[in-house]
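Peer 1: Using only what follows, build the 3D model:
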Amino acid sequence: MTASITESSLKEALKERLQAVHVEVTDMSGGCGQSFTTLIVSPIFAGQNSLKRHRAVNAALKDEIAAIHAWSARCQTPDEWEKTRADAATASGPSLNGTVGGKVDGVDA
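Peer 2: Residues are numbered from 1 along each chain as shown. Sure thing, here's the model as predicted:
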């Protein structure tokens, strides 16, 4: 599968192959499909350490990962994700003024 790798195609593959309940995929390459960062929330990660989780993701996306330049994945169980979201809701982070959706406005790449 080297045809067209997109945020959408990766998201659907992760949901299907890893039974993910939540997936966020961001194309960091400005739309050319060569660099992606992801958040994958799946119950299959329960009881697995970080290395085993990443190995499961890499095995599930073997062909896709081989066709792109850079890949980053954050893997969480549903409970871990809920805790992260709850912690983020109570923490005050840095100002996102001047950004659009957390990204710098006016940058093409």
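
Peer 1: Flag every buried residue along stretch 17-25.
Peer 2: By 16 or more other Cβ atoms under 10 Å, the buried positions in stretch 17-25 come out as L18, A20, V23, V25. For glycine as for every other residue, the C-beta is placed from the backbone atoms N, C-alpha and C.

Peer 1: From those, which land in helices?
Peer 2: L18 (DSSP state H).

Peer 1: of all the buried residues of stretch 17-25, which two lie farthest apart?
Peer 2: L18 and V25 (12.7 Å; Cβ to Cβ).

Peer 1: pLDDT below threshold where in the chain?
Peer 2: Residues of the chain meeting the criterion pLDDT under 70: 1-3, 91-109.

Peer 1: Can you show me the strands along it?
Peer 2: Ranges of strands within the chain are 22-27, 35-41, 70-76, 99-100, 103-104, based on DSSP state E.

Peer 1: Not counting the second one itself, show me its contacts.
Peer 2: When you say that, I think you mean strand 35-41. 5, 7, 10, 14, 18, 20-29, 57, 68-78, 80-81 (Cβ atoms under 8 Å, 6 or more residues apart in numbering).

Peer 1: Just give the strands next to it in its sheet, each with its orientation.
Peer 2: strand 22-27 (antiparallel), strand 70-76 (parallel) (DSSP bridges).

Peer 1: Which one, of those, ends up nearest to Q34?
Peer 2: Nearest of the strands paired with strand 35-41 (Cβ to Cβ): strand 70-76, 7.0 Å.

Peer 1: Buried residues in the closest one, which are they?
Peer 2: Here strand 70-76 shows W71, A73, R74, C75, Q76 as buried, counting by 16+ other Cβ under 10 Å.

Peer 1: My read is that the fourth one contacts I44, right?
Peer 2: Okay, so that is C75. No - judged on Cβ atoms under 8 Å, C75 makes no contact with I44 at a distance of 9.6 Å.
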